[in-house]
Each structure stands twice: as structure tokens, then as C-alpha cells.
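J.: my questions concern the predicted model and sequence given below.
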2 protein chains.
Amino acid sequence: MITNKLSVSNRLAALPVSAIRKLTPYAAEAKAKGVKVYHLNIGDPDVKTPDVMLDVLKTWNQNPIRYAQSQGEPEFVNALLWYYHRLGHKFVQRSNIIATVGGSEACVMALFAVANPGEEVLVFEPFYSNYATCAAIMGVKLVPVPTSIENGFHLPDRQAIESRISPKTRALLFCTPGNPTGSVYTREEMDLLVSVAKDHDLFLISDEVYREYVFGGREHVSILSYMEQIPEQAIMVDSLSKRYSLCGARLGVFLTLNEAMIKGVTRMAQARLSGGLIDQFVGMQLTHVPDAYIEAVQVEYQKRRDVLYAGLNSIPGVTMARPEGAFYSMVGLPVKDSDDFCLWLLSEYRSNNETVMLAPGSGFYATPGKGTNEVRVAYVLNTRDLNRCVELVRDALNVYQQTRRS
Amino acid sequence: MITNKLSVSNRLAALPVSAIRKLTPYAAEAKAKGVKVYHLNIGDPDVKTPDVMLDVLKTWNQNPIRYAQSQGEPEFVNALLWYYHRLGHKFVQRSNIIATVGGSEACVMALFAVANPGEEVLVFEPFYSNYATCAAIMGVKLVPVPTSIENGFHLPDRQAIESRISPKTRALLFCTPGNPTGSVYTREEMDLLVSVAKDHDLFLISDEVYREYVFGGREHVSILSYMEQIPEQAIMVDSLSKRYSLCGARLGVFLTLNEAMIKGVTRMAQARLSGGLIDQFVGMQLTHVPDAYIEAVQVEYQKRRDVLYAGLNSIPGVTMARPEGAFYSMVGLPVKDSDDFCLWLLSEYRSNNETVMLAPGSGFYATPGKGTNEVRVAYVLNTRDLNRCVELVRDALNVYQQTRRS
């Protein structure tokens, strides 16, 4: 007998569906029918992981596979320290770092650490859709601050940010270089965020997992360069996933100078015992990755960006802001309901038995009705495939407009 | 300027410290001074991982390290299916399983899935201390149901359980074979739990990560053998950590027939993107582990149990219930404050420059004042070391009683 009492919890039932993955079953169905699906929807890089990192697997000689230390294996944390020191942030110490199970665990920890249930965190919209799920799991309310495609999703003015601050606001959460926007905040924008945090006693949670991917000579301004100024307030979320194509190795970083916070987050880390031991041994090889590796990846992503930017903007009615970093962009489409368009691409549209998968824009907004004419694209495909994606989007929009919208 | 508003969240500040790990800094200090510390405090097995599982590392040829599927890599889930079918639970299907980042993630998911913040879950005391932290993170109140060392921590009668049920109670959480108790619930006890769950519309969360370690011809009765009877109500938490000495591989299982719950937990899994890809490839080799491996480990643990049981019970004033399974026991000591005793062992006591680390009992109880004359021991050391541990405990108690207690 199923009674109401036996329903799953309200909070489980209310969890949002992943904007990036919700169409996956339709893609699987298309593939099962032999259709080739190009994935513009997800940022799982095709770039190779540095061989030197995977070489540790070939010579693996630890047995048993014991727990890693809860805060991270010392040699892995040392490698992270080496990396941050090399970026110029010499003040970072071992005790400021918790190695996490991917950047996503670091986000969850940060939300738990700054806010009690029902308290608020400001986030710049559109934002990484998993922030919404992580916040829902932690009982935190995300309050969106709108940004727009017209100015490349850069920050609005101070007043627009401050107008969203309430007595319940505890933090500002942002991502630079931005997923899903591709925008890279300037020093002036970072100054603004720090200044607002100071004036309103807020925490800053800076998600910098795309740090290395900044194009056209732009500078990435890290929260690390402000951390000594606001030691109690700043948290950095980081990850090796995108930097070294290690998405499946679940290697993230929670970093703060706030001692009470590190103590508490260490207790969170202890509750889940440890991250992956093998993964951390892969990760600690980062000190051996030649600079040429990252430089080549940067060049590759910039080339891909240029192909996709030129291609998509050449389609009538399509607007793509030029990404300054990361490997995403929000793209405006001449459709009323991009959820419908994305689903239709997978379930009906075919060109030469091929189609393209896009992430509907609505999942990257908290404001109802926003993003319905946008999609997120990730340019982690080679340029030939990206050109084919552009052709597919162009043709599909034509067909869609003739058959569905008119 | 640090204001109250900038304090970390109350919930972070209030997180309990790990009973198992809180003394780790003192152990590290002792080791730094050249003292040999025997670890009776933590269940990180010294038994070897099956070679066939680690062989996949030597021939690893996947590059890049892409995300694993959020619900688990299909081949890993297939291997788990093979395992549960082989145990006789043929009804289990792929869609009932989420591969988790260790058993601890499965616990967190289960607590989130069954209870809203402030709702209650009954747990049999003493209980695995990390349940308390996971519940605190999820805002769930654990309500202890006492059990006692005198009857080997078996279940109390129905009335004692029902007396703790309130309108806010949503589930019963239990661990069999038990950490930290070593007790294995009989079929009658499992019947009782299922009957109480039915009568009061409660979920059952059965933590069975020690399933293979049951001694003396006892039978392990899994919640799986009731799952078709109560498909909406039963959740199994499982892990490969202890079974194959893979603690650091973070391979856990969330299993239920409740479709709404699996849907919701899938969204939780998507929010953290994926578990470890490499670890899941290690785990999927479980189909190739010969039965002789587990049988040999069972024999080894039983031998260790016997050594520790005989040894500790031979010390005046020490009471150890005979563990029926897992590799833990709660041990009663002739001390008033086992926190003080455990700390003293690490910071002051030395015998031939050696000492022993124990986990203070209080951390395994939610009722204030309970467990203060108990410690948890884990017998994951070889029998020679275990004999030495017994000697150390015997001698230390003598010294402690003469110098600290009198």
C-alpha cells in the first residue's frame, strides 16, 4: 500500500532535471536507430589527457587500494600547491586546500559552508545548471542577477547587483571563464564583486575550473589575487577536469583562507571518507605536464571557437556572443521554444542520417520564461565536426521553421 | 572586518567531528616522534585487492578520461547485476541501481530521498558515526534506538522500536553485519524491521557493505530478500570497499525498486556528473574474482576476530561481545572516559616505543553520556599485530588506572 507518507521526500521530488543531460535518452534512441548524433550539448573534452598522467596506471604497484586522506593525498595537495604558487599565488598553503571529488563536490561544500537552509546566494544568470541542483540539495535559494547576450554576459552595474541583496543573502557565486557564457570577467568586474562583498559582508564563491582557457590575449583574473585582502570571504572552486581532460577522474579543489571554514569542510570531507586514491595519483603528475600541452589545447579551443562563432553567426536569426574563454556559449536562436527545438532535433530531424544535440537554454536560468530562445553549445569537437554542426543547425532551423513554427 | 554575518553557516559549525578520525593529528604527532602506532581504530583493510581488478590499470588504454555515466558505467552496473543475481536476487534490474561514490554517497542520497529537513530517521545505537555527519549535512534528525553490549547489540523488542516512532519518522536505518557492533541480524530480526516498516509506512535503509563477512556458519539476511514484498519502501546501500579491499576506489551502490526514488536520485547523481571512470573499470572486474578470494578473506577475518576476542576478554574489566560479522566490535573498558584514555594512549603512553590507537565509543552514540566507557576496534591487522595490540591494551589499562584514574 503506497500512502502519502511513503512518497519520496518533497525535496527529492522537486530536484531540477539536468538541462545538459535531460535529452540523453532521446539521443540514445536516435543512436540506437543508427543516427549519428553530434554532441554540442556537453563539455566532455575530446582533447587527450597528458600521457605522463596516465603512465602512473601502467606502473601501479599499490595494493590494497586504501582510503585516500580525507583532505586529499599529501602528494596531490603538494602538486596543487606547486601549481598555485607557479601562478604567482605564493601565499597558498596546504592547510587552505581540500581535494574534492570533482569541482561539483567543492560547489556543494561551499554552499553548505556559507548558507543555512533558506538563505540566499546570488548567481549571475545564465549560470551553470548544476548550481541549481546543488543548491536545491543543500536547501539554498539561488537568486538570479540577470546578464544579457548583448554585452557578452558581462556583469551588470553595481546597482543591479545590490538590488538583489536581501538580509538573507550570504554569498555571490560566479564562474569565470564562464560556463555557459564564455565570458571572462575583467579586473574591474572582479574589483566590483570584491567591493560588493566587502560592503555587504558576503562570501564570494569563484568557480575557476576553466582558468586556462582564455582567448585573444585576455587575462584571467582569479579570486586568488584578492584572497589575502578578504581572507575570510573568498572561496575558490577549481578542478583538473577540463585543464587536463580528466573529467572522469573527479579531481576538484576547495580553497579558502578562512580557517573556521576549512575546519568545517574537513569534517564534511571526513564524512565521505576520501576521494579516489588512483585518481589522485594521476592528478599529482600535473607537475610533469609540459607547458606546451596547455598552450596547444588553448590554441585548439580558440580555433574551434572561431569556427563555431563564424559559422553560427552566419545563420540568419542566430546570435552568438564571442566567447572570451572556457568552451561554451549561449546562442540565441530564431525559435520560440528551444526545448521543443532540441527535442525535435533528436527525435525527428535527420540530414543524411545525422543530427545535432544542443542543451536547451531554459535550464541555465532561474527566472521563469528566460532562455527559451537560447541554447548552450560546447565546442569540444574537432573543427570538421563543428563545421558539420553549423550546417546541421542551419538546415534544421530551415526545416523547423517551415514544418513546426509557421 | 569579521562580522557575525561572515561566520560560516551554523550547520557547518555544528557538524560533528569524525569519531574515527578525530585523534588522527595525535597519532601523526606520535609517529613523527618515531613511535609505532597500531591502528585498531579504522577499518581500512590490509588484505590485498584481487590482482585481476588492478590488472586493468596496467593495460589502460582509454584517453581522454571522460566522464562516467551519472548512474554508473553500463559495464560496471552489469557486473553489479551479475553479482546480485548470483546471490539469488534475480529480480534486480539495471534500472534499480545507481553506482555511487562509495557507500557514503549512497547513504547521503538515501537520507535526502526519504526525509525532508527536520524529519527523523531511527537508527540503532551504537551506529556508524558517519551516519551522524551525513544526517547533519542533509538536515535529518537521527533518533537513536538503544541496543546493548550484553546481548551483542541485537535488536530490542518491537515495543522499544515503536516507542521512538513519531509523526516525523520516515525511515529505519541499520547496518548488518554491523559497524561498529559486529552483530548480524537474524531473519527474525529482519522480519521485525520489515513488519515495523509496513505497519508504520516507513522506509528501510539497509547498509550491507560488510555482507561477505559473516562468521561461524551464520547466514546474512539481506533486505534484498524482502524487496519484492516492499518495493516502495526498501533501499539497500552497498559498497565494494570492504569486499575487495577497494576503500580508496570509491565504489558504492544505491539500490531500490522505488521508481520515483531512482528518478530523483538519478538527478542527484547528475548534479555531481559522474563517479570515477577508472575506479569503475577496476570494479567491473568483480565478475573475474574467484570465489576462493572471498573465502580466504573470510577465514582470515574470522581468525583475527578469534584472536582479538580471546585476547581482549582475558583482560580484567574488558568486555567484548563476540562479533558475528564485519570486522568491528564495541569493547567495554574499565575507564570512565574513553575519550581521555584514547587520547592518553597517543600522547603519553608508550611501551617499547609503541602504542595503540582506538576509536572512542562516544562518537558512535547520539544519546549524551553513552559509550563513554567503550571503544570501537577494527580487526584489520594481522594476528601477530593483533596480539601485540592486546598486550598494549592490557598494559596501558594498568598504567592508566595507576596514574590517571586513582
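T.: Done, it's in. Note that the structure is a prediction, hence the values are computed from the model and not measured.

J.: which outside residues touch stretch A:362-374?
T.: Here stretch A:362-374 makes contact (Cβ atoms under 8 Å, 6 or more residues apart in numbering or on different chains) with A:16-20, A:22, A:123, A:125-129, A:132, A:142-144, A:146, A:149, A:180, A:330-339, A:360-361, A:376. For the C-beta atoms, the positions are set from N, CA and C on the backbone; glycine is no exception.

J.: of those residues, buried ones?
T.: A:16-20, A:22, A:123, A:125-129, A:132, A:142-144, A:149, A:180, A:330-333, A:335, A:337-339, A:360-361, A:376 (16 or more other Cβ atoms under 10 Å in any protein chain shown).

J.: go back to those and keep what's next to chain B.
T.: Applying Cβ under 8 Å from any Cβ of the partner chain, the subset of the buried ones among the contacts of stretch A:362-374 adjacent to chain B comprises A:P16, A:V17, A:S18.

J.: and the second one, which of the three is it?
T.: The three-state assignment at A:V17 reads coil, by DSSP: H, G, I helix; E, B strand; the rest coil.

J.: which of the contacts of stretch A:362-374 fall within helices?
T.: Of the contacts of stretch A:362-374, the ones assigned to helices by DSSP state H are A:S129, A:A132, A:S338, A:D339.

J.: residues touching the first one, list them.
T.: The reference is to A:S129. A:P16, A:S18, A:A19, A:I20, A:P180, A:A359, A:G363, A:F364 are the contacts of A:S129 under Cβ under 8 Å, 6+ apart.

J.: can you count the residues close to the last one?
T.: The one in question is A:F364. 26 (other Cβ atoms under 10 Å in any protein chain shown).

J.: can you give me the helices for the stretch 51-200 of chain A?
T.: With DSSP state H, counting those that start in this stretch applied, the stretch 51-200 of chain A shows helices at A:51-58, A:74-86, A:102-114, A:129-137, A:158-162, A:187-200, listed in chain order.

J.: wait, which of the ones in helices among the contacts of stretch A:362-374 is closest to B:E105?
T.: Nearest to B:E105 among the ones in helices among the contacts of stretch A:362-374, counting by Cβ to Cβ, is A:A132 at 19.7 Å.

J.: so that closest one is in contact with A:V17, correct?
T.: No - counting by Cβ atoms under 8 Å, A:A132 does not reach A:V17; the two are 10.0 Å apart.

J.: low-confidence stretches in the stretch 301-406 of chain A?
T.: Within the stretch 301-406 of chain A, the stretches with pLDDT under 70 are A:405-406.

J.: ok, chain A next?
T.: A:1-5, A:405-406.

J.: please, where are all the strands along it?
T.: Taking DSSP state E, the strands of chain A run over residues A:36-39, A:97-100, A:120-125, A:141-146, A:169-175, A:203-207, A:234-239, A:252-256, A:319-320, A:328-332, A:354-357, A:359-360, A:374-378.

J.: how much space separates A:L54 from chain B?
T.: A:L54 sits 6 Å away from chain B when distances are taken as Cβ to the nearest Cβ, to the nearest Å.

J.: can I assume that residue is in contact with A:G283?
T.: No - using Cβ under 8 Å, A:L54 makes no contact with A:G283, being 11.3 Å away.

J.: okay, the two: which has more neighbours?
T.: A:G283 (28 against 22).

J.: skipping its backbone neighbours, what lies nearest that one in space?
T.: Leaving aside its chain neighbours, A:G283 sits nearest to A:L251 (4.4 Å; criterion: Cβ to Cβ, 6 or more residues apart in numbering or on different chains).

J.: phi, psi for that neighbour please.
T.: phi -120, psi 100 (degrees, to the nearest 10).

J.: quick check: closest non-adjacent residue to A:R388.
T.: Among residues not flanking A:R388 along the chain, A:Y38 sits closest, at 6.5 Å (Cβ to Cβ, 6+ apart).

J.: for that neighbour, give the beta-bridge partners.
T.: Beta bridges link A:Y38 to A:V356 when assigned by DSSP bridges.

J.: and it, how close does it get to chain B?
T.: 16 Å.

J.: could you report the neighbour count for that residue?
T.: A:Y38 has 18 nearby residues by other Cβ under 10 Å.

J.: please apply the same query to A:A115.
T.: For A:A115, the neighbour count with other Cβ under 10 Å is 26.

J.: I figured A:L397 hits A:P334, correct?
T.: Yes - taking contacts as Cβ under 8 Å, A:L397 lies within contact range of A:P334: 6.5 Å.

J.: which residues are in contact with each of those two?
T.: A:G317, A:V318.

J.: which non-adjacent residue is nearest the residue of the stretch 101-250 of chain A found nearest chain B?
T.: At 3.0 Å from chain B, A:G248 is the closest residue in the stretch 101-250 of chain A, using Cβ to the nearest Cβ. Among residues not flanking A:G248 along the chain, B:L277 sits closest, at 3.0 Å (Cβ to Cβ, 6+ apart).

J.: now A:R322
T.: With sequence-adjacent residues excluded and distances taken as Cβ to Cβ, 6+ apart, A:R322 is closest to A:Y309, at 5.4 Å.

J.: got it, and A:Y128?
T.: A:N179 (4.8 Å).

J.: what does A:P316 give?
T.: Nearest to A:P316 is A:P334, by Cβ to Cβ, 6+ apart, at 7.3 Å.

J.: do I have it right that the one you found meets A:T319?
T.: No - applying Cβ under 8 Å as the test, A:P334 and A:T319 come out as separate, 9.2 Å apart.

J.: overlap in contacts of these two?
T.: Shared contacts of A:P334 and A:T319, defined by Cβ under 8 Å, 6+ apart, are absent.

J.: what residues does the stretch 101-250 of chain A have near chain B?
T.: Neighbours of chain B within the stretch 101-250 of chain A, by Cβ under 8 Å from any Cβ: A:101-102, A:104-105, A:108, A:112-117, A:119, A:130, A:133-134, A:137, A:139, A:170, A:201, A:203, A:232-233, A:245-250.

J.: which among those residues end up buried?
T.: A:101-102, A:104-105, A:108, A:112-117, A:119, A:130, A:133-134, A:137, A:139, A:170, A:201, A:203, A:232-233, A:245-250.

J.: circling back: pipe the ones next to chain B among the buried ones among the contacts of stretch A:362-374 into a markdown table and attach distance to A:E348 per row.
T.: Below are those laid out as a markdown table (distance: Cβ to Cβ, whole Å):
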| residue | distance to A:E348 |
| --- | --- |
| A:P16 | 26 |
| A:V17 | 21 |
| A:S18 | 22 |
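
J.: kindly indicate which of those residues lies nearest B:L386.
T.: A:S18 (48.2 Å).

J.: pull the contacting residues for that closest one.
T.: Contacts of A:S18 (Cβ under 8 Å, 6+ apart): A:S129, A:N130, A:T133, A:G363, B:S70, B:R267, B:Q270, B:A271.

J.: for the last one, grab the count of nearby residues.
T.: For B:A271, the number of neighbouring residues by other Cβ under 10 Å comes to 24.

J.: circling back: which of the helices of the stretch 51-200 of chain A sits most buried?
T.: Highest mean neighbour count among those (mean count of other Cβ atoms under 10 Å in any protein chain shown): helix A:102-114, with a mean of 27.

J.: show me what that one is packed up against.
T.: strand A:97-100, helix A:129-137, strand A:169-175, strand A:203-207, strand A:234-239, strand A:252-256, helix A:259-271, helix B:10-13 (3 or more Cβ pairs under 8 Å, 6 or more residues apart in numbering or on different chains; DSSP states H and E).

J.: show me what counts as buried in the fifth one.
T.: Going back to what we said before, that points to strand A:234-239. For strand A:234-239, by 16+ other Cβ under 10 Å, it's A:A234, A:I235, A:M236, A:V237, A:D238, A:S239.

J.: can you redo the residues you listed as CSV with distance to B:A79?
T.: Below are these laid out as CSV (distance: Cβ to Cβ, whole Å):
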residue, distance to B:A79
A:A234, 43
A:I235, 38
A:M236, 37
A:V237, 33
A:D238, 33
A:S239, 28
